[in-house]
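[1] sequence and computational prediction follow.
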Amino acid sequence: MDLHSAVVSGDADAVRALLATGAVLSVTDDDGHTPLEIADDPDIARLLISAGAPVRASGDTSPLHRAAELGWTDVAEMLLERGADPGCRDRYGDLPQDLLPNGPSELRERMARRLRYHGRSARLGLDEVEHGPQQAVAIRPHRAEALTTMYRGTVLVRWELEPRIKPVEILRVGSRTDLRGPVGSFTGPLVAFAGEKAVQVRQWAAVRLAFELPDVGSGSLAMSPDGDRLAIGSNQRLRVVDTQSGAPLAGDHDLDHTDWEGLGDARVTPEFSPDGGKLAVGNSMRGSWWLTVLDIGKDGRLRHRYDRRDPQPWSSEVSGTLRFSPNGEYIAMWVHPTGVVATRAATGEAAWKHEIESRAGTLCYTGDGRTLAVGTGAGVSWLDAHSGRPRGRETTFGAVNDLAFADHCGMLAATSTGLHRLLG
């Protein structure tokens, strides 16, 4: 039995025996966790800490967060004594003291004193946000302004883009649940977010105010160019709703299933064409990807145009974004492990593919449609939009989590080191 297994099983005697034989306390499991980070028993946690287990965060949380959340006060005290950082934030942006039960607490005050002693604040500040990891970005139509998300969407940041990029407002908008987005349009006044169970909509002019679309559910989102419609892809379903009211406008139920097999698994990812007349939908099921393109008729109903399927079944899946080129000629899609796959939008014929070693990626065309930016954990790769040939790389900003383009402000990248403008 290894140390991780002994900790998970709660076998304190086995943990002691393994520690006595020199078990390595810093080794991580397949999910990147040390034994201390997965301990569910405070007695075992104390054993590991006393033996010298690493007390600093190695992933998206820390042992101190875990002790505070579980109410292990004495374990938290031990961690502080051994140098645990009370100012680190977990994946939802919370400090360890934020996870303590409400009410007066000697441990909370001790953590606060430690922060003050080192000149740090418990409040998330603009200076911390400016260089912190940004997840997604949307650009406000006709204004030099953007929104990004941090900490799984629980924090929104409003940015000014001129004369330089800087954060101007921080909004804590969620608790400890994911909020994906923002998704915007070229001209509309709204941005949308996907919660765990519902779609949330905010106005650019008043981003602090939010309302949920009734009876809509949630999923992968795409907004029409005019901002009037929202496409929602979920498990084997596709719906198009009104962004103001949530009223249903169309869906996969419109389609004739006699010559169409339907949608794939939870990775049903929609995207509107630049003219709003088509929907491209990335699908995957059991490790095989395909692309579905639907026409949006004058009556608003959906009609099946074609599918482009994976020529190598059971090999890959849609695991990122898909984008139309500005003129609607191409559809670029991120497929793992292939990289970028481009399709001729009118016919469904393969255009090109470009292999990149990355688990996931994000895509964005430049305004003239000549270049495709591909964001990965290694930075940005610039590809010729017509051939897929490399044009260059940009690696100075760290990992790239999202990309957005608007004519009035250029290409923006939400990265592990803040929001940046790309030069191309």
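    Cool, got the structure.
[2] ranges for the helices of the stretch 1-150 of the chain?
    3-9, 12-20, 42-50, 63-70, 73-81, 106-117, 126-130 (DSSP state H, counting those that start in this stretch).
[3] of all those helices, which one is nearest Gly282?
    helix 126-130 (31.5 Å; C-beta to C-beta). Heads up, the C-betas are built off the backbone N, CA and C, glycines and all.
[4] for the closest one, packing partners?
    Packed against helix 126-130 by the contact rule (3 or more C-beta pairs under 8 Å, 6 or more residues apart in numbering; DSSP states H and E) you find strand 166-172.
[5] quick revisit: deepest of the helices of the stretch 1-150 of the chain, which one?
    Stretch with highest mean neighbour count among these: helix 63-70 (a mean of 24; mean count of other C-beta atoms under 10 Å).
[6] that one to helix 106-117, inter-axis angle?
    150 degrees (axes from the mean of the first three to the mean of the last three C-alpha atoms, to 10 degrees).
[7] who are the contact partners of Leu279?
    222, 231, 238, 240, 270-273, 293-294, 296, 302 (C-beta atoms under 8 Å, 6 or more residues apart in numbering).
[8] ok, 10 Å please
    Leu279 sits next to 222, 224, 229, 231, 233, 238, 240, 250, 270-273, 292-296, 302, 305 when contact means C-beta atoms under 10 Å, 6 or more residues apart in numbering.
[9] and Pro311, by the same measure?
    288, 350.
[10] mind checking which helix or strand it is in?
    According to DSSP states H and E, Pro311 maps onto no helix or strand at all.
[11] can you tell me how far it is from Leu64?
    Here Pro311 is placed at a distance of 50 Å from Leu64 (C-beta to C-beta, to the nearest Å).
[12] now swap in Ala222 and tell me
    Taking C-beta to C-beta, one finds Ala222 at 39 Å from Leu64.
[13] Gly188 too?
    Distance from Gly188 to Leu64, by C-beta to C-beta: 43 Å.
[14] cool, Gly174 as well?
    22 Å.
[15] who's in contact with His4?
    18, 23, 27-31, 33-35, 37-38.
[16] and with 8 Å instead?
    Counting by C-beta under 8 Å, 6+ apart, His4 has contacts 27, 29, 33, 35, 38.
[17] can you count the residues close to the first one?
    Taking other C-beta atoms under 10 Å as the criterion, the count of residues near Val27 is 12.
[18] then the fourth one?
    By other C-beta under 10 Å, the residues close to Pro35 number 30.
[19] hang on, the earlier thing: buried ones among the contacts of Leu279?
    222, 224, 229, 231, 233, 238, 240, 250, 270-273, 292-294, 296, 302, 305 (16 or more other C-beta atoms under 10 Å).
[20] in strands, which of these fall?
    222, 229, 231, 233, 238, 240, 250, 270-272, 292-294, 296, 302, 305 (DSSP state E).
[21] measure how far stretch 215-229 is from the centre of its chain, please.
    17 Å (C-alpha atoms, centre = their mean, to the nearest Å).
[22] now do the buried residues in that stretch.
    For stretch 215-229, by 16+ other C-beta under 10 Å, it's 216-225, 227-229.
[23] what residues does stretch 98-116 touch?
    65, 68-69, 71, 73, 76-77, 80, 86-87, 95-97, 121-122.
[24] among the residues you listed, which pair sits farthest apart?
    Across the contacts of stretch 98-116 (C-beta to C-beta), the longest gap, 25.3 Å, separates Gly71 and Ser121.
[25] return the residues in contact with Ala67.
    42, 45, 73, 75-76, 79, 96.
[26] which of these sits closest to Val157?
    Pro96 (22.6 Å).
[27] what is the burial count for the residue nearest to Gly153 when sequence neighbours are not counted?
    Nearest residue to Gly153, sequence neighbours excluded (C-beta to C-beta, 6 or more residues apart in numbering): Leu179, at 3.0 Å. Leu179: 24 surrounding residues under other C-beta under 10 Å.
[28] quick one: contacts for Leu179?
    Contacts of Leu179 by C-beta under 8 Å, 6+ apart are 149, 152-154, 173, 193-195, 200.
[29] need the residues you listed in JSON lines with secondary structure, neighbour count and distance to His257, can you?
    Shown next, in JSON lines, are the contacts of Leu179 (DSSP: H, G, I helix; E, B strand; the rest coil; neighbours: other C-beta atoms under 10 Å; distance: C-beta to C-beta, whole Å):
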{"residue": "Thr149", "secondary structure": "strand", "neighbour count": "26", "distance to His257": "37"}
{"residue": "Arg152", "secondary structure": "helix", "neighbour count": "18", "distance to His257": "36"}
{"residue": "Gly153", "secondary structure": "helix", "neighbour count": "23", "distance to His257": "35"}
{"residue": "Thr154", "secondary structure": "coil", "neighbour count": "20", "distance to His257": "39"}
{"residue": "Val173", "secondary structure": "coil", "neighbour count": "17", "distance to His257": "39"}
{"residue": "Phe193", "secondary structure": "strand", "neighbour count": "27", "distance to His257": "31"}
{"residue": "Ala194", "secondary structure": "strand", "neighbour count": "24", "distance to His257": "26"}
{"residue": "Gly195", "secondary structure": "coil", "neighbour count": "18", "distance to His257": "30"}
{"residue": "Gln200", "secondary structure": "strand", "neighbour count": "21", "distance to His257": "32"}
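[30] now the residues you listed in a markdown table, with distance to Ala57 and pLDDT?
    Output for those, formatted as a markdown table (distance: C-beta to C-beta, whole Å; pLDDT from 0 to 100):
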| residue | distance to Ala57 | pLDDT |
| --- | --- | --- |
| Thr149 | 21 | 98 |
| Arg152 | 16 | 95 |
| Gly153 | 20 | 96 |
| Thr154 | 17 | 96 |
| Val173 | 24 | 93 |
| Phe193 | 27 | 97 |
| Ala194 | 27 | 96 |
| Gly195 | 26 | 94 |
| Gln200 | 29 | 96 |
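[31] closest to Ala342 among those residues?
    For the contacts of Leu179, the nearest to Ala342 is Ala194 (26.2 Å; C-beta to C-beta).
[32] before we move on, the earlier item: which of the ones in strands among the buried ones among the contacts of Leu279 lies closest to Val129?
    Closest to Val129, out of all of those and judged by C-beta to C-beta, is Ala222, at 27.1 Å.
[33] hey, what's that closest one bridged with?
    Ala231 (DSSP bridges).
[34] these two touch, right, it and Pro270?
    Yes. Between Ala222 and Pro270 there is a contact under C-beta atoms under 8 Å: 4.4 Å.
[35] picking that back up, for the contacts of His4, which one is nearest Glu317?
    Asp29 (24.1 Å).
[36] pLDDT below threshold where in the chain?
    Low-confidence segments of the chain (pLDDT under 70): 1, 58, 259, 266, 312-316, 318-320, 424.
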